[in-house]
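# Below is the sequence, then the predicted model.
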Amino acid sequence: MSEGEPLLAVEALTAHYGDFQALFGVDLHLDPGGCVAIIGANGAGKTTLMRTIAGILRAGAGRVLLDGAEIQRLAAPEVLRHGVAMVPEGRKLFPSLSVEENLLIGAHERKGDGRWNLETIYDLFPILRERRRNPGTALSGGQQQMVAIGRALMSNPRVLLCDEISLGLAPVVIRDIYAAVPRIRESGTAIVVVEQDIGQALKIADYVYCMMEGRVTLSGRPSDLSREAIHDAYFGVSHDLA
Amino acid sequence: MIWLDTLVQGVLLGGLYALFAAGLSLVFGIMRLVNLAHGDLIVLAAYVILGICSATGMNPFIAATLALPVMFVFGWLLQTHLFNRVLGEDILPPLLVTFGLSVVTQNLLLEFFSADSRKLAMGAVEAQSVTLGPFTLGLIPLATLGSAFAVIFALNQLFYRTALGRAFRATSDDRVTVQLMGIYPQKVFAIATGIALMVATLAALYLGARANFDPTIGPARLLYAFEAVIIGGLGSLWGTLAGGLVIGVAQAFGAAINPEWQILAGHLAFVAVLLVRPRGLFPRAND
């Protein structure tokens, strides 16, 4: 996908849930400061891929490299310390914590200063400043998603994994949330977005991977992918246009 | 006036039960672990204090300050090497392990200290009291109640004002997602159990100061602690204090009516509260 060294490289990655194999030799590259989108239908393996990169799910074969260093055997807290943060599917805010506490716990293991702190998160999502004393789970779905993104950014990650951040949200709310993506990228954080909204994915990403049944069935730059090729990839016909 | 005095004495007794219960409540609130060995660990802490007193001739209050870090480390090791191995979706394995720990602790204490009753010699302070209006209050019971309030207040400050407290609450909410914050739930649990055993050590100090103890009294202390936690609302610290006071007051009134009714009155109060409020007096909103 690029000529330089990728920031994040996934090579021939496999993963299992018990006896069930969910990923079959997945490859993915993310450049420094870049943004890639992973699209695919339900059950395609997108969330499994994110959870495996983040260290929540143990990798089988293959490698996950961050700046050339293998991280696929690390537990999730160690993966975070290496600079990979995740916005999990369904937001997963902590009900016992206020909005501000949900943000602060994202910086629990952070050492030193960085681009992202409470003030810069509130600048990114001003509504959160007004709601900072509210329980995180008392907010609307869109605001909860903002908290989840802010919480992940509080660790000042080099890579941000966003899993289905538009799921269940109104189009106007999705637009507001995706409006933050350029600012996140400007901060130097590279982004991997899992998205079922193909139009949105093609709009924000430098590079798109389409998955089906645990495999990448199509990949390429958005400008290189035809509507037909994407449609075919959803149903199992592979066209690598890169 | 006699009834008012009974109420006051019940509140003072409730302070001890609140101390018994605070550690149990802390552990349950964070990791949903019902530690059936909690009463025995309180008794163990009492023997640790007794051992330090015997070896050094120290006052039990000073000995307790040495026992606190010892019990923290013991709790940390217990959680790291035993409880963390069995904590999971199934609540039965940890229950069985803590039950086994209870039996082992009692038998080890019997082996090393015999079945003889012991008491912590507090010196002159044992018999001292203060008079507040019409009430005469023993210094040790007052210190017990004061310590109970102080412990609950301190634990609340820890929970709601510190990064560790945030980690406690977040881990209690979702022990998978919290790993994405860089937090190892097992380490959080180990710290929590260490703190719980420090609180148990304070409870042990006042237990040994007020009454005789022997290796077999742990399960009864667990029962009072468990009732206090449930009356207060599982995982609620101020609720645990209230639960301890309810049992203490009920026992005091039971004893005032008929000394044989003391223990029964506490259990009846427990049942009565649950009939009216099945989730306890102050249940957590997200339980």
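Structure's in. What do you need?
# C-alpha from now on. contacts and neighbour counts both.
Will do.
# average pLDDT for the helix ranked longest in chain A?
Taking DSSP state H as the criterion, chain A has its longest helix at helix A:141-153. Taken as a whole, helix A:141-153 has a mean pLDDT of 96.
# Stretch B:179-186 too?
97.
# measure it end to end?
End-to-end distance for stretch B:179-186: 10 Å, by Cα to Cα, to the nearest Å.
# For it, which outside residues touch it?
Stretch B:179-186 has contacts (Cα atoms under 8 Å, 6 or more residues apart in numbering or on different chains) with A:54, A:56, A:76-78, A:80-81, A:85-86, A:105-109, A:152, A:155, B:80, B:84, B:167, B:171, B:175, B:178.
# can you give me the strands for the stretch 51-200 of chain B?
For the stretch 51-200 of chain B, the strands defined by DSSP state E, counting those that start in this stretch occupy B:129-132, B:135-138.
# wait, I meant chain A
Along chain A, counting by DSSP state E, strands occupy A:8-17, A:20-30, A:35-39, A:63-66, A:69-70, A:84-87, A:159-163, A:190-194, A:207-212, A:215-220, A:239-240.
# I'd like to know how far the spatially closest residue to B:P94 that is not a sequence neighbour sits from B:M71.
Closest residue to B:P94 apart from its sequence neighbours, by Cα to Cα, 6 or more residues apart in numbering or on different chains: B:V86 at 5.5 Å. Applying Cα to Cα, the value for B:V86 to B:M71 is 21 Å.
# Quick one: low-confidence residue ranges for the stretch 151-287 of chain B.
Within the stretch 151-287 of chain B, the segments meeting pLDDT under 70 span B:285-287.
# What count of nearby residues applies to the residue in chain B that chain A sits nearest to?
Distance from chain A to each residue of chain B (Cα to the nearest Cα) is smallest for B:G182, at 3.7 Å. B:G182: 23 surrounding residues under other Cα atoms under 10 Å in any protein chain shown.
# What segments of the stretch 151-287 of chain B are helices?
All helices of the stretch 151-287 of chain B, identified by DSSP state H, counting those that start in this stretch, fall at B:163-173, B:185-210, B:218-232, B:237-257, B:262-276.
# Rebuild the ones you listed as CSV, extending it with mean neighbour count.
Output for those, formatted as CSV (neighbours: other Cα atoms under 10 Å in any protein chain shown):
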stretch, mean neighbour count
helix B:163-173, 22
helix B:185-210, 25
helix B:218-232, 25
helix B:237-257, 26
helix B:262-276, 17
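# Pipe those helices into JSON lines and attach distance to A:G45 per row.
Converted to JSON lines, the helices of the stretch 151-287 of chain B look like this (distance: least, Cα to Cα, whole Å):
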{"stretch": "helix B:163-173", "distance to A:G45": "26"}
{"stretch": "helix B:185-210", "distance to A:G45": "27"}
{"stretch": "helix B:218-232", "distance to A:G45": "43"}
{"stretch": "helix B:237-257", "distance to A:G45": "43"}
{"stretch": "helix B:262-276", "distance to A:G45": "47"}
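# Figure out which of the ones you listed is closest to B:Y47.
Judged by Cα to Cα, the one of these that comes nearest to B:Y47 is helix B:185-210, at 8.5 Å.
# Near chain B, which residues of chain A are found?
Residues of chain A lying close to chain B (Cα under 8 Å from any Cα of the partner chain) are A:54, A:56, A:76-78, A:80-81, A:85-86, A:88, A:92, A:94-97, A:101, A:105-109, A:152, A:155.
# Show me these that map onto helices.
Among these, DSSP H puts A:54, A:76-78, A:80-81, A:101, A:105, A:152 in helices.
# Apart from its neighbours in sequence, what residue is nearest the residue in chain A positioned nearest to chain B?
Proximity of chain A to chain B (Cα to the nearest Cα) peaks at A:P77, 3.7 Å away. The shortest distance from A:P77 to any non-neighbouring residue, by Cα to Cα, 6+ apart, is to B:G182 (3.7 Å).
# Over to B:L101?
Distances taken as Cα to Cα, 6+ apart put B:A37 closest to B:L101, at 5.9 Å, once the chain neighbours are dropped.
# before we move on, what about B:W238?
Leaving out its chain neighbours, B:W238 is closest to B:I152 (Cα to Cα, 6+ apart), at 6.5 Å.
# Verify the stated contact: the one you found with B:S236.
No. Using Cα atoms under 8 Å, B:I152 makes no contact with B:S236, being 10.0 Å away.
# ok, these two, which is more surrounded?
Higher neighbour count among B:I152 and B:S236: B:S236, with 26 against 23, using other Cα under 10 Å.
# Isn't that one up against B:G23?
No. Judged on Cα under 8 Å, B:S236 makes no contact with B:G23 at a distance of 11.4 Å.
# picking up where we left off before, could you measure from the residue of chain B closest to chain A over to A:A59?
Going from B:G182 to A:A59 by Cα to Cα gives 19 Å.
# again, but for B:L68
B:L68 is 42 Å from A:A59, by Cα to Cα.
# Let's see the ChimeraX selection covering just the buried ones among the contacts of stretch B:179-186.
To isolate the buried members of the contacts of stretch B:179-186 in ChimeraX, using 16 or more other Cα atoms under 10 Å in any protein chain shown:
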select /A:54,56,76,77,78,80,81,85,86,105,106,107,108,152,155 /B:80,84,167,171,175,178
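# and B:R279, how many neighbours?
Other residues lying near B:R279 total 17 when counted by other Cα under 10 Å.
# What residue, apart from its backbone neighbours, is nearest it spatially?
Spatially, and ignoring its direct neighbours in sequence, B:R279 is nearest to B:G233 (5.8 Å; Cα to Cα, 6+ apart).
# what's that neighbour in contact with, if anything?
So B:G233 contacts B:239-240, B:279-284 (Cα under 8 Å, 6+ apart).
# What backbone torsions are found at the residue lying farthest from the centre of chain A?
Residue farthest from the centre of chain A, counting by Cα atoms, centre = their mean, is A:R133 at 26.9 Å. Backbone torsions of A:R133, given as degrees, to the nearest 10, read phi -90, psi -10.
# looking at it, it is touching A:S96, isn't it?
No. A:R133 is beyond contact range of A:S96, at 11.9 Å (criterion: Cα under 8 Å).
# So what touches the longest helix of chain A?
A:85-88, A:91-93, A:99, A:102-107, A:116, A:121, A:125, A:127-128, A:136-137, A:160, A:162, A:165, A:168-169, A:173-174, A:177, B:181.
# so where's chain A uncertain?
Using pLDDT under 70, chain A drops low at A:1-3, A:235-242.
# Pretty sure A:E195 sits against A:I39.
Yes. Between A:E195 and A:I39 there is a contact under Cα under 8 Å: 5.3 Å.
# Now the common contact residues for the two.
Residues touching both A:E195 and A:I39 by Cα under 8 Å, 6+ apart: A:A201.
# count of neighbours near B:V8?
Neighbours of B:V8 under the rule other Cα under 10 Å: 18.
# For B:A209, which non-adjacent residue is spatially closest?
Using Cα to Cα, 6+ apart, the nearest residue to B:A209 is B:L120, at 5.2 Å.
# Contact partners for B:T136?
Shown in contact with B:T136 (Cα under 8 Å, 6+ apart): B:129-130.
# switch the cut-off to 10 Å
Counting by Cα atoms under 10 Å, 6 or more residues apart in numbering or on different chains, B:T136 touches B:5, B:8-9, B:128-130.
# same thing with B:I217?
B:39-40, B:42-43, B:106.
# Please convert those residues to a markdown table, extending it with secondary structure.
Converted to a markdown table, those look like this (DSSP: H, G, I helix; E, B strand; the rest coil):
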| residue | secondary structure |
| --- | --- |
| B:G39 | helix |
| B:D40 | helix |
| B:I42 | helix |
| B:V43 | helix |
| B:Q106 | helix |
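# what two of those residues are the furthest from one another?
Distance extremes for the contacts of B:I217: the farthest pair is B:I42 and B:Q106 at 11.1 Å, using Cα to Cα.
# List the buried residues in stretch B:142-150.
By neighbour count on 16+ other Cα under 10 Å, the buried set for stretch B:142-150 is B:142, B:144-145, B:147-149.
# That concludes my questions; thank you for your assistance.
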